[in-house]
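Enquirer: How does the following fold in three dimensions:
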Amino acid sequence: MEGYQTQGGYSMNPKDMEKAIIRNLVDKTGRSLEQWLVVLRDTDLSRKRELKDYLKTVHGVGHFQAQTIVKFYFLD
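Expert: Model (predicted):
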């Protein structure tokens, strides 16, 4: 599988990108994945889109970060 070109000029496949997003969550958002899952559990929201929009608008989380957090929320 081919990777994706990143701003730094190196390639990452989707799984590596996801791992990097999770690894950098604390630095970028101030919370770990586990902490974000608690935040989502404390809402009355249940749809993926609602949860992503909530993270983005209320907490200022980036699109791909929100998408990754919500993915793991539904796997939990």
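Enquirer: Show me the contact partners of the longest helix seen in the chain.
Expert: In the chain, assigned by DSSP state H, the helix with the most residues is helix 14-29. With contact meaning C-beta atoms under 8 Å, 6 or more residues apart in numbering, helix 14-29 is reached by 3-4, 12, 31-33, 36, 59-62, 64-65, 68-69, 72. For glycine as for every other residue, the C-beta is placed from the backbone atoms N, C-alpha and C.
Enquirer: How about stretch 34-41?
Expert: The contact list for stretch 34-41, computed with C-beta under 8 Å, 6+ apart, reads 25, 29, 31, 51, 54-55, 59, 61, 69-70, 72-73, 76.
Enquirer: mean confidence score for that stretch?
Expert: For stretch 34-41, the mean per-residue pLDDT is 98.
Enquirer: in the chain, which helix or strand is least confident?
Expert: Here the helix or strand of the chain ranked lowest by mean pLDDT, DSSP states H and E is strand 4-5, holding a mean of 51.
Enquirer: what pairs with the very next helix or strand once past that strand, and is each one parallel or antiparallel?
Expert: The first helix or strand that comes after strand 4-5 along the chain, using DSSP states H and E, is strand 11-12. Sheet pairing for strand 11-12, assigned by DSSP bridges, gives strand 4-5 (antiparallel).
Enquirer: so how many other residues sit close to the closest residue to residue 63 other than its chain neighbours?
Expert: The shortest distance from residue 63 to any non-neighbouring residue, by C-beta to C-beta, 6 or more residues apart in numbering, is to residue 56 (6.7 Å). Neighbours of residue 56 under the rule other C-beta atoms under 10 Å: 15.
Enquirer: So residue 56 sits against residue 62, correct?
Expert: Yes - the criterion here is C-beta atoms under 8 Å, and residue 56 meets it with residue 62 at 7.5 Å.
Enquirer: Now the helix or strand in which residue 38 is found: buried residues?
Expert: Residue 38 is located in helix 33-41, with elements delineated by DSSP H and E. Buried residues in helix 33-41, defined by neighbour count with 16 or more other C-beta atoms under 10 Å: 33, 36, 37, 39, 40.
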